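# based on what follows, work out the 3D shape:
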Amino acid sequence: MPSLIQQKINTRLLLTQILYQHHVRQQPLPVVAQEYIVHHLNPKPHHYHRDFFDVMVQFLTEEHPSLEKRLRAYETESWRYERMDPVLLGILMVGMAELLAQPETPTNVIIHEYIELSKDFLTDKDAKFVHALLDKMVIERTSTPDPKDHDDSLDDSLA
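Model prediction:
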């Protein structure tokens with residue numbers, strides 16, 4: 001049986017896949033999540049952290065519009081939500097959701113996990129973007145400035 005850490009890593013990947021499918025197929029998140037429960041969680045329940053999965057799916061379902069709005073607030077001339085790679089979108093949405101829904105998990109652990117996940121599927125430039133955006137979100141969450149007043153770190157990560 002995988003360790004608790006590995007179960008959470010596996011679950012983060014699964015959640016990212018669910019968001020990817022939701023985005024690409026334009027199906028409701030609960031419908032896509034149910035497919036993954038049947039095909040991934042039920043056959044291999046010990047590979048995943050079911051409580052973490054359930055909490056995150058519920059949070060993502062309820063908060064998806066506000067997460068999308070928050071993500072769109074970071075748009076720049078060189079970066080637009082509509083042009084975002086669906087894998088990158090999934091990683092960012094799940095990472096943002098975990099930062100908000102799992103305050104007991106250290107933020108540096110969460111950010112690190114999504115950087116590593118992005119390195120597995122995307123470019124180093126995308127991983128830097130994930131890092132910059134999730135860092136920025138944590139900073140703004142603690143200081144609560146307007147997200148439109150962005151610094152150049154997001155633009156620099158896209159250069």
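
# quick one: pLDDT of the closest residue to residue 138 other than its chain neighbours?
Nearest residue to residue 138 in three dimensions, chain neighbours excluded: residue 107, at 5.0 Å (C-beta to C-beta, 6 or more residues apart in numbering). Bear in mind the C-beta positions are built from the backbone N, C-alpha and C, glycine included. For residue 107, the pLDDT comes out at 94.

# from residue 137, how far out is residue 107?
The spacing between residue 107 and residue 137, counted by C-beta to C-beta, to the nearest Å, is 9 Å.

# now the helices for this structure?
Under the criterion DSSP state H, helices of the chain are mapped to 4-25, 29-36, 50-72, 86-101, 107-121, 124-143, 153-158.

# compare those helices and say which comes out lowest on pLDDT.
Mean pLDDT is lowest for helix 153-158 out of these, coming in at a mean of 51.

# and the nearest residue to residue 117 once chain neighbours are set aside, what does it touch?
Closest residue in space to residue 117, ignoring its immediate chain neighbours: residue 91 at 5.6 Å, by C-beta to C-beta, 6+ apart. Residues near residue 91 by C-beta atoms under 8 Å, 6 or more residues apart in numbering: 16, 114, 117-118, 121-122, 130.

# 7 Å instead, please
By C-beta atoms under 7 Å, 6 or more residues apart in numbering, residue 91 lies in contact with 16, 114, 117-118, 130.
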